[in-house]
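Colleague: With the input below, show me the fold.
(2 chains)
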Number of protein chains: 2
Amino acid sequence: VIPGQEEAVRTFKLTLAYDGTAYVGWQRQRNGVSIQAQLEDALAPLAGGPVRTTGAGRTDAGVHALGQVASCRFETGLDAAGLQRALNARLPPDIRVVDAAEAPADFHARYWARGKLYVYRVLNAPNPDPLARHIVWHVHQPLDAAAMSAALAPICGRHDFKAFQASGSRVPTTVRTLTIATVERRPWNGVLEGTPVPAGATHGAWLITFRFGGDGFLRHMVRNLVGTVVEIGAGRRDPESLWRILEGRSRRLAGATAPPHGLALESVAYGDGPAPRAAAR
Amino acid sequence: VIPGQEEAVRTFKLTLAYDGTAYVGWQRQRNGVSIQAQLEDALAPLAGGPVRTTGAGRTDAGVHALGQVASCRFETGLDAAGLQRALNARLPPDIRVVDAAEAPADFHARYWARGKLYVYRVLNAPNPDPLARHIVWHVHQPLDAAAMSAALAPICGRHDFKAFQASGSRVPTTVRTLTIATVERRPWNGVLEGTPVPAGATHGAWLITFRFGGDGFLRHMVRNLVGTVVEIGAGRRDPESLWRILEGRSRRLAGATAPPHGLALESVAYGDGPAPRAAAR
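Modeller: From the prediction side, this is the model:
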């Protein structure tokens, strides 16, 4: 208990960065350890009992986060900074609370989320990089960045993204508004830029970064978009095919699902209250 | 066997990148798996029997490599490119052969090495980054880059580096020639530069990169130099102390050994034959 700070029921907004490699995903599951379970296990002794947390996005197994947001509410004498320190002392090193703030009593990380930004990274090079193997998808066939960019250009806006939803998902609506869908390419100089690597390794090595921002995302939507666009970049589909797939509204038309380890939930945007219903997921 | 390529005794120069996290170091040891053992295990079926390899530098447990060089000699019909492909198909994903070349019959990765370049990376920020936790040393106290740079400036040249050698080491001479000893600092934007992270995480976040190049390095020399210079950066020693420690020639004068995971063997330089004896390690 912090002197001068009274025990009270408080709501917190926690911003988390994590390496998803070792986990079954954000959400608690029976078949393995989740980020949520680690967070709730770290919270319990601080709250003197079980605490339920809600995450803004349910990242899949192997997917990372730079700015996942979780909400929780419990009685405590800790302030936000104290909670952050106490959690980081208890959490494993692959999960860090990078920010903590007290939030309005009814703050809900999922229902209040107005937008999310995902980043997906491809190492397009002859050789994979052992130090980056958990955070980039290595694709050795040369990819045409202009073709991928052209393919993505028309898909921003409000559309039915059913073709890019994992088969078997059931949600009330598959309409989402995509506000950002970009791809950029720069020379790859190792996992921490500025590191020269042997000529054999850098020759023709590029980091291709996709970013997708929107009001909500269907299950596997980013990974299915990236998987399809990479097939376009490799010349196996033409750039216009992405739009045709979207219009076809069938998962079978889209390409393979890109692997989880290239994906990270970069940030979540909030307003002063719950998001409009159509955007809440 | 490649058509048109005859079975012959060939010497190869292999350039390796690896994530040292899971290994006891380069060199074969009884207490765990080494990079060398993984490489030799991958070579054996290709050579039809055991193959002995030599590494340019004996990286410690947890230390990485971007351009370690290994030599080996055995009878094969494979050319260098074929050997690289075959090895990468057999090696685990945390070890990659990034280049392979046929070398003169007497090429020896250690005795021919003229120089080595090591890189050591410090994440100087309030919060560690879970995605970079195996490749940077997280130091949360703010470090003075100018003081560290001033400390390093005079130590280039031919000196007795005994003060920075791991205690208990026995080598014929502790004199080495250091040709590069630099430190540079740039804002940290996540493990793959260009990735914005939440304000709470980036505020005051820097990547500090040390580089040390020379004709040879004593055991723990780079890590002891970095550990001492970081104490200078934190204001616990003055910049001139590094030179005094060097002159004192006693390990007890130097600072703590920096942890292994920030260190990587970046590259090894070769000439047309064995290095002059004084430089061979």
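
Colleague: interface residues of the stretch 1-150 of chain A facing chain B?
Modeller: A:15, A:17-19, A:64, A:66-67, A:88, A:93-96, A:98-99, A:119, A:121, A:127-136 (Cβ under 8 Å from any Cβ of the partner chain). Where C-beta positions appear, they are placed from N, C-alpha and C, glycine not excepted.

Colleague: In strands only, show me those residues.
Modeller: Among those, the members found in strands (DSSP state E) are A:15, A:17-18, A:64, A:66-67, A:95-96, A:98-99, A:119, A:121.

Colleague: And those residues, which of them are buried?
Modeller: When these are checked for burial by 16 or more other Cβ atoms under 10 Å in any protein chain shown, the buried set is A:15, A:17-18, A:64, A:66-67, A:95-96, A:98-99, A:119, A:121.

Colleague: Using JSON lines, lay out those residues together with pLDDT and distance to A:Ser167.
Modeller: Formatted as JSON lines, those follow (pLDDT from 0 to 100; distance: Cβ to Cβ, whole Å):
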{"residue": "A:Thr15", "pLDDT": "97", "distance to A:Ser167": "32"}
{"residue": "A:Ala17", "pLDDT": "95", "distance to A:Ser167": "31"}
{"residue": "A:Tyr18", "pLDDT": "97", "distance to A:Ser167": "27"}
{"residue": "A:His64", "pLDDT": "97", "distance to A:Ser167": "24"}
{"residue": "A:Leu66", "pLDDT": "93", "distance to A:Ser167": "29"}
{"residue": "A:Gly67", "pLDDT": "94", "distance to A:Ser167": "29"}
{"residue": "A:Ile95", "pLDDT": "97", "distance to A:Ser167": "30"}
{"residue": "A:Arg96", "pLDDT": "96", "distance to A:Ser167": "34"}
{"residue": "A:Val98", "pLDDT": "92", "distance to A:Ser167": "35"}
{"residue": "A:Asp99", "pLDDT": "94", "distance to A:Ser167": "36"}
{"residue": "A:Val119", "pLDDT": "96", "distance to A:Ser167": "25"}
{"residue": "A:Arg121", "pLDDT": "96", "distance to A:Ser167": "25"}
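
Colleague: any idea how far A:Ala275 lies from chain B?
Modeller: In this view, A:Ala275 and chain B are 19 Å apart by Cβ to the nearest Cβ, to the nearest Å.

Colleague: pLDDT below threshold where in the stretch 51-200 of chain A?
Modeller: Applying pLDDT under 70 to the stretch 51-200 of chain A flags residues A:193-200.

Colleague: try it again with 50
Modeller: Counting by pLDDT under 50, the stretch 51-200 of chain A has low-confidence residues at A:195-199.

Colleague: Same list (the ones in strands among the residues of the stretch 1-150 of chain A next to chain B) but as CSV, adding distance to A:Gly262.
Modeller: Converted to CSV, those look like this (distance: Cβ to Cβ, whole Å):
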residue, distance to A:Gly262
A:Thr15, 22
A:Ala17, 16
A:Tyr18, 15
A:His64, 9
A:Leu66, 13
A:Gly67, 17
A:Ile95, 19
A:Arg96, 20
A:Val98, 21
A:Asp99, 24
A:Val119, 9
A:Arg121, 5
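
Colleague: Just give me the closest of these to A:Val226.
Modeller: A:Arg121 (9.6 Å; Cβ to Cβ).

Colleague: In contact with that closest one, which residues?
Modeller: Taking Cβ atoms under 8 Å, 6 or more residues apart in numbering or on different chains, we find A:Arg121 in contact with A:135-137, A:207-210, A:262, A:264, B:192.

Colleague: Going by residue numbers, what spans are helices in chain A?
Modeller: For chain A, applying DSSP state H gives helices covering A:35-47, A:80-90, A:145-152, A:199-202, A:221-233, A:241-248.

Colleague: What is the first one packed up against?
Modeller: Using 3 or more Cβ pairs under 8 Å, 6 or more residues apart in numbering or on different chains; DSSP states H and E, the elements in contact with helix A:35-47 are strand A:8-18, strand A:53-55, strand A:64-76, helix A:80-90, strand A:95-103.

Colleague: The second one pairs with which strands, and in what direction?
Modeller: So that's strand A:53-55. According to DSSP bridges, strand A:53-55 has the following sheet partners: strand A:64-76 (antiparallel).
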